[in-house]
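Chemist: Just to be clear, the model below is a prediction. Sequence and coordinates:
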Protein chains: 2
Amino acid sequence: MRAITQEKIDNLTEFMEKNSIDVILIADWENARDVNMRFLSGHPMDATLVLTAGGEVCLVPWDKQLAEDHAQVDVTLDFTQYANRQAGGAIEYIKDATKKDNPIIGVNNNIPYRFILNIKERLPNATIFSNPKEIADKFSTLRATKSPQELDKLTEAAKIGNKTIADIKKFAEEKQGTESDLSFIVMKKMREYGAEDNAFPSLIANTNRSHMIHCHPSAGNNRYAEQGLALIDFGALFEGYCCDITVPITFGKLTPEQEKIRDTTLKAYEAAIESIDLGVPFWKISKAANDVIETAGYVMPHGLGHGLGLAVHDSPGVRQKPTDSIALKGWTERVVEDGMVFTIEPGVYIKGLGGQRLENDVMIRNGKVVVYTKSELVEVE
Amino acid sequence: MRAITQEKIDNLTEFMEKNSIDVILIADWENARDVNMRFLSGHPMDATLVLTAGGEVCLVPWDKQLAEDHAQVDVTLDFTQYANRQAGGAIEYIKDATKKDNPIIGVNNNIPYRFILNIKERLPNATIFSNPKEIADKFSTLRATKSPQELDKLTEAAKIGNKTIADIKKFAEEKQGTESDLSFIVMKKMREYGAEDNAFPSLIANTNRSHMIHCHPSAGNNRYAEQGLALIDFGALFEGYCCDITVPITFGKLTPEQEKIRDTTLKAYEAAIESIDLGVPFWKISKAANDVIETAGYVMPHGLGHGLGLAVHDSPGVRQKPTDSIALKGWTERVVEDGMVFTIEPGVYIKGLGGQRLENDVMIRNGKVVVYTKSELVEVE
């Protein structure tokens, strides 16, 4: 099943008509992912997709048997039958469907440059629509508000995550295992509770690694019980939809500097949650947390949060307003709307002292703001 | 530690000088991965990198503390200090380092289009080098032959994979578990044997799913013992380097059509391995397997193999020669050389009957062809 609704397809094709765009080309391949392919087709990965101004969707999947099970599209082309497989079939389809040798082709700004070069070579009279950022923004806007079916799946993913928090707490309190042990327990429990997979590899950092925003490797052989600041960032995948949760954990008595990192994180989180309401611009929510962190003398090295959906980093972004003129030109203010789902995850990270991050997921449903995951600080003596 | 050697850097800067390229810009970000960033810097992920014609490397990492631990570069810029963080810092550095407002900037053809648009906006007099494919090919060539240190790490990754094959065989013979159970066992065993992680999520397909090239989801709740054709495609990650192994497994008595799928796969594998030797073009190795598969009346829907290194899909590709004129124009014949490491993995997939794939890793070291992983057909009664 594809996630896009007919109403959203109509919105897209109206946008295309208004801008004289004949087709939109979307590519999702290894090392170059674009969740809009799945959003438009239901096909999970590895395909090129073309949407015509008439609303017809053509898919060129790497695995046509996977497409038979998942894709909900009008035309499926056989990848193996085209020269330059990732681009070739799609470009042939564009010629056929538009009956033009000079179509206007829309792409979003994340498409690999080779697709642009390929179009120029194989369809030299085609024009690339001049504002790919506008197309990216259009898709982001459409993906940012979820349908009731999508909200249900996100809720199921969160239920799995919430159950797993209790297992994490128990593991931490027993003080017997390593980061790596915890990564197994989390994955095993989430599968037991109904997840199809991790939404991403759990990031598990003991005090000597928690200063990294995303620790590398994701889990190691450190004992998960040493004095200081630890965290685990994990998520469940349920029918393609994600939850994303970070539990901050402290072991033993903290130093005053470590206490300040912990307290600043918690205060920034509270300030952000307090500021969420329908119609509030996301940059203001971000500012609420950042003000707390900056007042304490720290800098948060990442955005405050991000949308959740088919991608673990979906729209809307919960970020600061850009400060330079070029970036501001391409920036659109977004506000909290019904149907949106996003994370709030402030963090403070200092090498030598460690880091803390508290992350929960927020859903706006029927006009209500609900923090629907249940992470909180875990303190172990 | 970065993987590139001084000799390879000299090769790159000579190429840049010859083509009047002032800098090469490489971007590795979520949804848009480029292993050349890690190859040139040692930094594992999430950064933009600039290489100057003088051989200086500048990194703009998302996580500067991760860079402190891993990157081996000349300049590190603070991501948070630049407007348009992913591109902004790199473009400022290009201005400073070249002292030109009209530099020639090389990119490879997989870079997200937004970087091109950003350069045009922020450095309007800059020129993008006209042949990004040539830059991609240059990097592929440099990555395709490994240094002795890289070969040692690849060997260690394979040792872990080889030990795990015995656990997989035991699990299959016991006929007690599900695909999902096997995925845990594989990950747990690989960690015990010294892996830092899976190289990728293990793809585990029972007979009703093995017709998919890469099954989705990667492991399910099917009992891993039903009559027919099963497989597991897995790999270990050791200090950033991968192995990649597929074990074909049959359960019970096969139908004649299933036997033909199994036998064709094994014959294609043997034909490919037989054909490998120093100086042989990769398309000929691919042809050896494809001829067997096509003679049997099947089509292999994917390439025969791929290089292994810092990326699980590295160069060289082991693929057919393109047949159309445009693709042929951009194609370069590559031959087997000392220091290369690649997979051989023929497969046949028929919905309703299942699929088989046999995959091992081949290393060319000191002039010798060594199949250094040890997968073979597992038959369970």
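Modeler: Alright, I've got the coordinates.
Chemist: Which parts of the stretch 201-350 of chain A are helices?
Modeler: Here the stretch 201-350 of chain A has its helices, by DSSP state H, counting those that start in this stretch, at A:256-275, A:282-295, A:325-329.
Chemist: Relative to residue B:184, which of the ones you listed is closest?
Modeler: helix A:256-275 (32.6 Å; CB to CB). C-beta here means a position set from N, CA and C on the backbone, and glycine is covered the same way.
Chemist: Which positions within the closest one qualify as buried?
Modeler: Residues A:258, A:260-273, A:275 are the ones in helix A:256-275 that count as buried (16 or more other CB atoms under 10 Å in any protein chain shown).
Chemist: ok, so of these, who is nearest chain B?
Modeler: Checking these against chain B by CB to the nearest CB gives residue A:261 as the nearest, at 13.8 Å.
Chemist: and stretch A:208-224, what's its mean pLDDT?
Modeler: Per-residue pLDDT over stretch A:208-224 has a mean of 92.
Chemist: Pull up the gap between the residue positioned nearest the centre of chain A and residue B:46, please.
Modeler: Central residue of chain A (CA atoms, centre = their mean): residue A:313, 1.1 Å from the mean position. Computed as CB to CB, to the nearest Å, the residue A:313 to residue B:46 distance reads 12 Å.
Chemist: what do those two both touch?
Modeler: Common neighbours of residue A:313 and residue B:46, using CB atoms under 8 Å, 6 or more residues apart in numbering or on different chains, are residue B:30.
Chemist: circling back to that earlier point, among the buried residues of helix A:256-275, which one sits closest to residue A:214?
Modeler: Checking the buried residues of helix A:256-275 against residue A:214 by CB to CB gives residue A:265 as the nearest, at 16.2 Å.
Chemist: Please identify the buried residues of stretch A:221-229?
Modeler: Within stretch A:221-229, the residues scored as buried using 16+ other CB under 10 Å are A:222, A:224, A:225, A:227, A:228, A:229.
Chemist: Get me the contact residues on the stretch 201-350 of chain A for chain B.
Modeler: Residues of the stretch 201-350 of chain A lying close to chain B (CB under 8 Å from any CB of the partner chain) are A:201, A:211-214, A:216-220, A:299, A:301-302, A:313, A:322-324, A:326-327, A:349.
Chemist: Quick check: closest non-adjacent residue to the residue in the stretch 51-200 of chain A positioned nearest to chain B.
Modeler: The stretch 51-200 of chain A approaches chain B most closely through residue A:83 (3.2 Å), counting by CB to the nearest CB. Nearest residue to residue A:83 in three dimensions, chain neighbours excluded: residue B:324, at 3.2 Å (CB to CB, 6 or more residues apart in numbering or on different chains).
Chemist: my guess is the one you found meets residue A:81, correct?
Modeler: No. Under the criterion of CB atoms under 8 Å, residue B:324 is not in contact with residue A:81, lying 11.3 Å apart.
Chemist: and stretch A:111-121, does that touch chain B?
Modeler: Yes. Using CB under 8 Å from any CB, stretch A:111-121 reaches chain B at A:111, A:112, A:113, A:114, A:115, A:116, A:117, A:121.
Chemist: List the contacts of that stretch.
Modeler: By CB under 8 Å, 6+ apart, stretch A:111-121 touches A:25-27, A:29, A:32, A:34, A:84, A:86-88, A:91, A:105, A:107, A:126, A:128, A:132, B:32, B:107, B:109-113, B:115-116, B:132-133, B:136, B:326.
Chemist: how does it look with 7 Å?
Modeler: Contact with stretch A:111-121 is made by A:25, A:27, A:32, A:84, A:87, A:91, A:105, A:107, A:126, A:128, B:107, B:109-113, B:116, B:132, B:326, as judged by CB atoms under 7 Å, 6 or more residues apart in numbering or on different chains.
Chemist: what do you get for stretch A:123-135?
Modeler: Outside stretch A:123-135, the residues that reach it (CB under 7 Å, 6+ apart) are A:19, A:21, A:24, A:91, A:94-95, A:101-109, A:116, A:119, A:330, B:113, B:117.
Chemist: Equivalent analysis for stretch A:52-67, please.
Modeler: A:9, A:13, A:16-17, A:21-23, A:40-41, A:43, A:46-51, A:71, A:73-79, A:89-90, A:93, A:97, B:211-214, B:216, B:349, B:351.
Chemist: Out of those residues, list just those in helices.
Modeler: A:9, A:13, A:16, A:17, A:40, A:41, A:89, A:90, A:93, A:97 (DSSP state H).
Chemist: From residue A:310, how far out is the second one?
Modeler: To tie it back to what came earlier, the one meant is residue A:13. 21 Å.
Chemist: same deal with residue A:89?
Modeler: With distances taken as CB to CB, residue A:89 is found 24 Å from residue A:310.
Chemist: now swap in residue A:268 and tell me
Modeler: Distance of residue A:268 to residue A:310, given as CB to CB: 28 Å.
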